[in-house]
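# Sequence first, predicted coordinates after that:
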Amino acid sequence: MPANPVSSVRRRTYRILTVADDGYARSRAFDQFLLGLILLNVAAVVAESVEPFGTRYQSAFRIFEIFSVIIFSCEYVLRVWSCVEDPRYSNPVKGRLRYALSPLALIDLLAILPFYLAFITTDLRILRVLRVFRLLRMAKIARYSQTLQIFGRVLVATRVQLLLTLILMSVLLLLASSLMYAVEQQAQPEAFSSIPAAMWWAIATLTTVGYGDIYPVTAWGKFLGSLVAVFGIGMFALPTGVLGAAFLQELRSVPNVTVCPHCGKEITGNKRKQES
């Protein structure tokens with residue numbers, strides 16, 4: 001039986017949309033085009049906020065925005081249409097719904113959603129927020145960056161450890177602000193009027209920023225502030241160590257892949273060892 005032309009086109013579309021699929025030249029060219037378009041969109045959003053540059057070239061920015069949304073919208077629709085070529089989303093209905101709810105697909109949707117939402121509302125404040133949300137298109141770079149994908153897997157793998165670190169930091173924040181309130185409230189009733197007010201000082205000290213707008217003046221307050229500053233350095237070293245160790249482990253698990261200069265297919269390190 002002859003191959004279904006729709007299925008053939010869908011399979012070819014999936015190969016092009018898949019990131020550098022087996023060194024496929026069209027896929028690589030498409031990735032480079034979209035990556036350049038994403039970077040140009042970020043630059044356009046930044047340049048549009050500069051006056052009088054943004055007002056002078058407003059029509060040009062608008063045309064470029066419409067062109068970009070058309071490209072990104074077509075990309076999103078084609079990805080949802082062709083995702084059934086992936087065994088994970090083979091079901092025509094449920095598979096496409098599962099793909100549409102995947103993180104990368106949601107990022108693709110959020111990249112074009114602000115443009116269409118602008119037609120629903122006329123509130124200038126909402127429109128300004130939607131214009132800033134166009135910077136979410138920068139998140140699409142994760143689809144074309146292996147390093148960002150590795151970092152995303154690291155965050156997922158260490159989510160429990162990072163959550164425990166966040167809980168520990170919250171406890172230390174509450175403890176530091178409560179003690180500083182008890183020590184400094186009488187000396188500085190305006191700066192340390194309550195525990196929530198003292199939390200600003202605790203956050204600035206734990207993060208070692210130390211803006212200097214609120215600081216202890218009593219002897220016990222200075223002693224407590226010194227301890228909190230030291231503990232703050234140690235607290236931020238914890239997630240750094242967790243992420244660093246997980247990142248190195250993830251890099252070791254990534255196979256050493258090269259592309260055959262003759263057929264363009266990937267050759268892993270294990271295959272090269274067997275051939276040698």
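Thanks, I have it.

# Just the helices from the stretch 1-150 of the chain, written as ranges.
5-17, 25-48, 53-56, 58-82, 94-100, 103-117, 124-132, 146-157 (DSSP state H, counting those that start in this stretch).

# residues of the fourth one that come out buried?
In this case it means helix 58-82. 61, 64-65, 68-69, 72-73, 75-76, 79-80, 82 (16 or more other CB atoms under 10 Å). The C-beta positions use only the backbone N, C-alpha and C, and glycine is treated the same way.

# between these, which is nearest Ala29?
Distances from Ala29 to these, taken as CB to CB, are shortest for Glu75 (13.9 Å).

# Do you know the pLDDT at the closest residue to Phe115 other than its chain neighbours?
Nearest residue to Phe115, sequence neighbours excluded (CB to CB, 6 or more residues apart in numbering): Val69, at 4.6 Å. pLDDT for Val69: 91.

# Could you check what's spatially nearest to the residue most central in space within the chain, not counting adjacent residues?
The chain has Ala139 as the residue nearest its centroid, 5.2 Å off, counting by CA atoms, centre = their mean. Closest residue to Ala139 apart from its sequence neighbours, by CB to CB, 6+ apart: Ile107 at 4.8 Å.

# Number of residues surrounding the one you found?
Applying other CB atoms under 10 Å, we find 17 residues neighbouring Ile107.

# And Thr165, by the same measure?
Thr165 has 18 neighbouring residues, counting by other CB under 10 Å.

# what angle separates the one helix or strand it maps to from helix 146-157?
For Thr165, the host element (DSSP states H and E) is helix 159-184. Interaxial angle of helix 159-184 relative to helix 146-157 (axes from the mean of the first three to the mean of the last three CA atoms, to 10 degrees): 70 degrees.

# how close does the residue nearest to the centre of the chain get to Cys83?
As for Ala139, its distance to Cys83 is 19 Å (criterion: CB to CB, to the nearest Å).
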